[in-house]
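Enquirer: can you look at this prediction? I've put the sequence above it.
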Amino acid sequence: MAGKLTEKELNDVAVQMMDYLSETKINSLEKVLKQYGFPKGMYSYGKAKDGAICLINNGFSWETFFYERREKIDQQSFDNALDACLSVIDGICEDPDERKQMEESFHKEISSTERNEISSSAFGKALKKALSSVAVL
């Protein structure tokens with residue numbers, strides 16, 4: 001028996017969805033960077049690492065920057081993980097043709113991963129429940 005979700009439950013599902021989709025993008029980015037031969041030491045997710053391009057979610061936005069000697073260089077701020085991930089690709093890959101190929105691979109990886117994960121995961125079930133309850137409101 002499907003019941004309506006409370007506003008708090010809907011909000012919780014929305015937050016989980018955003019976190020999940022952001023993580024999917026980060027995982028896709030790491031997979032593409034590895035596929036193109038960029039070693040893990042060249043980038044960092046979640047913390048500043050000396051000599052690396054860093055991607056950090058500060059809770060309100062996403063930041064990218066090159067970190068060197070405790071200094072953030074070329075710092076940029078983004079409203080979403082997708083744009084931040086694309087900024088990492090832009091910063092790590094100097095060749096424009098390879099960068100374009102990496103961006104295409106990244107978008108394909110995201111689409112494939114999100115489609116597969118959402119359809120088969122507990123998150124997908126929770127999302128379907130939330131969406132069906134919204135339709136009844």
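Expert: Great, that's in hand.

Enquirer: mind listing the strands for this protein?
Expert: Assigned strands in the chain, in chain order: 43-45, 52-57, 62-68, 71-78 (criterion: DSSP state E).

Enquirer: could I get these as TSV with distance to residue 33 and mean pLDDT?
Expert: The C-beta positions use only the backbone N, C-alpha and C, and glycine is treated the same way. Output for the strands of the chain, formatted as TSV (distance: least, C-beta to C-beta, whole Å; pLDDT from 0 to 100):
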stretch	distance to residue 33	mean pLDDT
strand 43-45	6	94
strand 52-57	10	95
strand 62-68	13	96
strand 71-78	18	96
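
Enquirer: want to try TSV for those strands, with mean neighbour count and distance to residue 102 as columns?
Expert: TSV is the format used below for those (neighbours: other C-beta atoms under 10 Å; distance: least, C-beta to C-beta, whole Å):
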stretch	mean neighbour count	distance to residue 102
strand 43-45	19	12
strand 52-57	20	13
strand 62-68	19	15
strand 71-78	13	18
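
Enquirer: residue 54: what's it in contact with?
Expert: Residues near residue 54 by C-beta atoms under 8 Å, 6 or more residues apart in numbering: 43, 44, 45, 47, 48, 63, 64, 65, 66, 67, 72.
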